[in-house]
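[1] here you go, sequence then predicted model.
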Amino acid sequence: MMNTMTSAGKKGLIASLLLARFLAAVEGTVVTLAIPTIVKDLQSFDLISHVFSIYLLASAVATPIYGKLSSIYGRKRTLTAGIVIFLVGSALCGLAQDMVMLIAFRAIQGLGASAIIVVPMAIVGDVFSLEERGRVQGLLGLVWGIAGLFGPLIGGMLISVLSWHWIFFVNIPFGLLALLIMRTSLNENAQRQKHYIDYPGVIVLTAALLTLLAIFTFGKEDASLLTPTNAALLVVSLVLFAVFYRIERRSPEPIVPLDVLTKSSVFINIIALFFMAVILGIDVYMPIYLQDVRGLSPLIAGLALLPLSISWMLAAIPLGKLIHRFGGKPVAIVGVLLTLLCLLPFLFFHQYIDMIIILAVTFFLGAGLGITVTAHTMVIQESTGFEKRGAAVGVNSLVRTLGQTIGISVFGAVFNASIVAGFAKEEITKYDLGNLYDISAYQQGVTWDQIAAVLVDSLQVVYIVFIVFALLCVILTLVMPKPPLGGSSKSSDPSQSAVEEAVEE
């Protein structure tokens, strides 16, 4: 439970949350840039995908656990523990001497990153009024855009001047500064009580998630997901989820309280599964289009995507007032519809389309993404009382991570299969999917224009999947029940009473 905070205290808290989020946000962009140097140094090109998949997997498993722990032991302690774990993992990654060590230490990083993502969302719901949350969520969203822009610059400089090890060491001063600011700006009236820890639920949920994500995480991207092994893993995961459900029904303090799964929150979580897959797909495949098809440098490609980040932030700022006035569902409908409309022009992104069109589309797309994600976050924050807000936010963050992990595997399989089909159509028989951009890997006579044309066609197939996912989000948003805001929070933190009264009016 949070104390009522002064304006200066809120500013300090926002600074610490932004720094913490920056740690998790910049990690993806910097590591992506550095991975060619890392695998060349450690001589393990075949293990590249595991550097990323193990990080997401560990983050997904830990997400609901942090949500519950933050409700039991306090947001401050839980976030502090997460940042410390992340920094320890970063230091160990920087010291790694082979790829196996790096992959193992990335798992530790992922465990800490989960807290950095989920706990600040709960803190924002605790401390800030409904109208303030739109602005704060907009700032937190802008962190990802800033990381996407400056991450490659920071990483490139560190790799060039020092070594790839320093892309992990650089996290440490930022993390320590975030801990210092949070220690002085965030105060909690945590009530010391003896709590039951749902160890059976934690173990079974972890096993269910590991089994489910193994289908997507450890397979080859160009292989079919419809295999006997994957079918068996799916059955096992469904059985484990059923067992987990029974455990949670009987647990005095479940790791995932089932009453946080209201009709509206279930709809929002399902929508988030598909929507976050689309967001990660845009993050991965738009740079491929801009750099490999259009021939832009990483720096210029990052600048080309800056309008998306700016509009995301600008669209999120007034959402508190808009949701207060019109409700969460109408605002979410506007967001998903705008996203769907902005994805349709992607089907016409060929090699020579005017960059002004791309900039305009990405600007409005960023607004759609920002409106939708921020609206969902605010509805989840306000749909439960203080005691269960951490668990509700944790479930939502888990679903988002699952959507990213599953989505990127599906997109990768579709993309690679489309490339293979495109090469067959162009009668290109000699190629290497792992060395796609080296012209010497193809038979004599193959030109880069042919390869670029195949990439464009393959990207458009992936864009069609984006559009299908976005269309599902639109349909689900239209039919979902009206989300309650503040109605279930009457017995929660007293500092939220003003918010509740404003919403009820």
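    Arrived safely, thanks for sending.
[2] please count neighbours and contacts with C-alpha atoms only from this point.
    Noted.
[3] can you give the domain ranges for the protein?
    1-195, 197-252, 256-505 (automatic domain parsing).
[4] quick check, distance from the second one to the centre of its chain.
    Put simply, domain 197-252 sits 20 Å off its chain's centre (Cα atoms, centre = their mean, to the nearest Å).
[5] same check, this time on stretch 169-179
    21 Å.
[6] for stretch 167-184, same thing?
    Offset of stretch 167-184 from its chain centre (Cα atoms, centre = their mean): 21 Å.
[7] pull the residues that contact that stretch.
    12-13, 15-17, 19-20, 23, 30-31, 76, 80, 83-84, 87, 90-91, 93-94, 155, 158-159 (Cα atoms under 8 Å, 6 or more residues apart in numbering).
[8] mind checking which of these are in strands?
    Applying DSSP state E to the contacts of stretch 167-184, no entry is found in strands.
[9] dump the domains of the chain to TSV, plus mean pLDDT and mean neighbour count.
    Formatted as TSV, these follow (pLDDT from 0 to 100; neighbours: other Cα atoms under 10 Å):
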stretch	mean pLDDT	mean neighbour count
domain 1-195	72	20
domain 197-252	78	17
domain 256-505	76	20
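[10] helix, strand or coil for Gln97?
    Here Gln97 takes the coil state, with states given by DSSP: H, G, I helix; E, B strand; the rest coil.
[11] distance check, Ile288 against Leu341.
    According to Cα to Cα, to the nearest Å, Ile288 stands 22 Å off from Leu341.
[12] same question, Val334
    11 Å.
[13] pretty sure Gln351 sits against Val456.
    Yes - counting by Cα atoms under 8 Å, Val456 is a contact partner of Gln351 at 7.3 Å.
[14] joint contacts of the two?
    Going by Cα under 8 Å, 6+ apart, residues that sit against Gln351 and also against Val456 are Val293.
[15] now do the helices in the stretch 301-450 of the chain.
    Assigned by DSSP state H, counting those that start in this stretch, the helices in the stretch 301-450 of the chain fall at 306-316, 319-326, 328-343, 355-382, 386-425, 448-479.
[16] mind giving me CSV with these and columns for distance to Phe168?
    Compiled in CSV, the helices of the stretch 301-450 of the chain are given as follows (distance: least, Cα to Cα, whole Å):
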stretch, distance to Phe168
helix 306-316, 24
helix 319-326, 35
helix 328-343, 34
helix 355-382, 29
helix 386-425, 22
helix 448-479, 32
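[17] ok, which of those comes nearest Leu233?
    Distance to Leu233, taken as Cα to Cα, is lowest for helix 386-425 among those, at 14.3 Å.
[18] now do the closest one: which elements does it pack against?
    On a contact count with 3 or more Cα pairs under 8 Å, 6 or more residues apart in numbering; DSSP states H and E, helix 386-425 meets helix 48-73, helix 99-127, helix 199-217, helix 263-288, helix 355-382, helix 448-479.
[19] which one of those helices lies closest to Thr229?
    Among those, the nearest to Thr229 by Cα to Cα is helix 199-217 (8.4 Å).
[20] helices and strands around whichever helix or strand comes after the closest one, which ones?
    Counting by DSSP states H and E, the next helix or strand C-terminal to helix 199-217 is helix 228-250. For helix 228-250, the elements it packs on are helix 199-217, judged by 3+ Cα pairs under 8 Å, 6+ apart.
[21] the helix it packs on vs helix 48-73, what angle?
    Interaxial angle of helix 199-217 relative to helix 48-73 (axes from the mean of the first three to the mean of the last three Cα atoms, to 10 degrees): 160 degrees.
[22] start at 491, not 1
    Sounds good: first residue 491 from here, last item helix 689-707.
[23] how far off helix 876-915 does helix 689-707 point, in degrees?
    20 degrees.
[24] hey, C-alpha coordinates of helix 689-707 in CSV?
    Output of helix 689-707 as CSV, limited to C-alpha atoms (Å, rounded to 0.1, in the frame of the first residue of the first chain):
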residue,chain,number,x,y,z
TYR,A,689,4.6,-23.5,-4.2
PRO,A,690,2.5,-26.3,-5.9
GLY,A,691,1.0,-23.6,-8.2
VAL,A,692,4.3,-22.1,-9.0
ILE,A,693,5.9,-25.5,-9.9
VAL,A,694,2.9,-26.7,-12.0
LEU,A,695,2.5,-23.3,-13.8
THR,A,696,6.3,-23.2,-14.6
ALA,A,697,6.1,-26.8,-16.0
ALA,A,698,3.0,-25.9,-18.1
LEU,A,699,4.6,-22.8,-19.5
LEU,A,700,8.0,-24.5,-20.2
THR,A,701,6.2,-27.3,-22.0
LEU,A,702,4.0,-25.0,-24.1
LEU,A,703,6.8,-22.6,-25.0
ALA,A,704,9.1,-25.5,-25.9
ILE,A,705,6.9,-26.0,-28.9
PHE,A,706,7.8,-22.6,-30.3
THR,A,707,11.1,-21.8,-28.6
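[25] do you know which of the helices and strands packed on helix 876-915 lies nearest Leu812?
    helix 845-872 (9.7 Å).
[26] which strands or helices does that closest one pack on?
    helix 589-617, helix 620-651, helix 753-778, helix 796-806, helix 809-816, helix 818-833, helix 876-915.
[27] CSV for the ones you listed, including distance to Phe734?
    Listed next are the helices and strands packed on helix 845-872 as CSV, based on distance: least, Cα to Cα, whole Å:
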stretch, distance to Phe734
helix 589-617, 21
helix 620-651, 32
helix 753-778, 17
helix 796-806, 36
helix 809-816, 35
helix 818-833, 30
helix 876-915, 14
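[28] of those, which is nearest Pro747?
    That would be helix 876-915 among these, by Cα to Cα, at 7.1 Å.
[29] from the chain's centre, how far out does the closest one sit?
    Its chain's C-alpha centre and that of helix 876-915 lie 9 Å apart, by Cα atoms, centre = their mean.
[30] so which of the helices and strands packed on helix 845-872 is nearest Leu849?
    Of those, nearest to Leu849 by Cα to Cα is helix 796-806, at 6.7 Å.
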